[in-house]
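>>> show me how the following folds:
(one chain, ligands or ions: 1)
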Amino acid sequence: MTDPIVLIVMGSDSDLPTMQETAQILTQFGVPFEMRISSAHRSPHRTGKLARDAAGRGIKLIIAAAGMAAHLAGVVAAETTLPVIGVPMGGGALSGMDALYATVQMPGGIPVATMAIGKAGAKNAALFAVQILSLSNPQLHESFVAYRAQMAAEVEEKDAVLQAAGRL
Ligand code: RP5
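The predicted structure is shown next:
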């Protein structure tokens, strides 16, 4: 089995259905990853260790997903020099706005690249990871360019269907 180069950490197993989006895209691009559950608040010491040990075992970047007062990505970023991508989870009383602000509003000095709330953010976290890894991996870059071209082709196809239906 190939060693993981991306670590996905989430605050709870309740985040897993959303973070499957990330896993699916990384799998599609053939990027080896590891998924862990660790909480900034409920298991702070374990979370710190996970972040501190990551670089030493070959992880290149970390994707951290949490909801509510989502301090996970920030805490992880504070404990590593690896780039950290944050994904705020939706749901809860504030529909993910709490998690968005908690993840994105980092103090100067400790950045977290924050994605959109929920599934779109989970998907984009994987794509952003692929873009970063592509900088030193020409084959991965080629796959990413092909992915973009496929997306554009799909939009054209949808428009062609719309035109054929005579709706415009
Ligand atoms: C956060 O609190 C987790 O990331 C999750 O999004 C949220 C709720 O967790 P559970 O109560 O569902 O375990 O720490």
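
>>> tell me what the helix ranked longest in the chain is packed against?
What stands out as the longest helix in the chain, according to DSSP state H, is helix 138-164. On a contact count with 3 or more C-beta pairs under 8 Å, 6 or more residues apart in numbering; DSSP states H and E, helix 138-164 meets helix 119-134. Backbone N, C-alpha and C define where each C-beta goes, glycine included.

>>> list every C-alpha atom in the helix it packs on, with coordinates, as PDB.
Output of helix 119-134 as PDB, limited to C-alpha atoms (Å, rounded to 0.1, in the frame of the first residue of the first chain):
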ATOM      1  CA  LYS A 119     -19.900  19.400   0.300                       C
ATOM      2  CA  ALA A 120     -18.800  22.100  -2.200                       C
ATOM      3  CA  GLY A 121     -15.900  22.900   0.200                       C
ATOM      4  CA  ALA A 122     -15.100  19.300   0.700                       C
ATOM      5  CA  LYS A 123     -14.800  18.800  -3.000                       C
ATOM      6  CA  ASN A 124     -12.800  21.900  -3.500                       C
ATOM      7  CA  ALA A 125     -10.400  21.000  -0.700                       C
ATOM      8  CA  ALA A 126      -9.400  17.900  -2.600                       C
ATOM      9  CA  LEU A 127      -9.100  19.800  -5.900                       C
ATOM     10  CA  PHE A 128      -7.000  22.500  -4.200                       C
ATOM     11  CA  ALA A 129      -4.800  19.800  -2.700                       C
ATOM     12  CA  VAL A 130      -4.400  18.300  -6.200                       C
ATOM     13  CA  GLN A 131      -3.400  21.800  -7.500                       C
ATOM     14  CA  ILE A 132      -0.700  22.200  -4.800                       C
ATOM     15  CA  LEU A 133       0.600  18.700  -5.300                       C
ATOM     16  CA  SER A 134       0.600  19.300  -9.100                       C
END
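
>>> what sits against the residue most central in space within the chain?
For the chain, Ala125 is the residue whose C-alpha lies nearest the centre (C-alpha atoms, centre = their mean; 2.8 Å). Listed by C-beta atoms under 8 Å, 6 or more residues apart in numbering, the contact partners of Ala125 are 22, 63, 65, 85, 87, 115.
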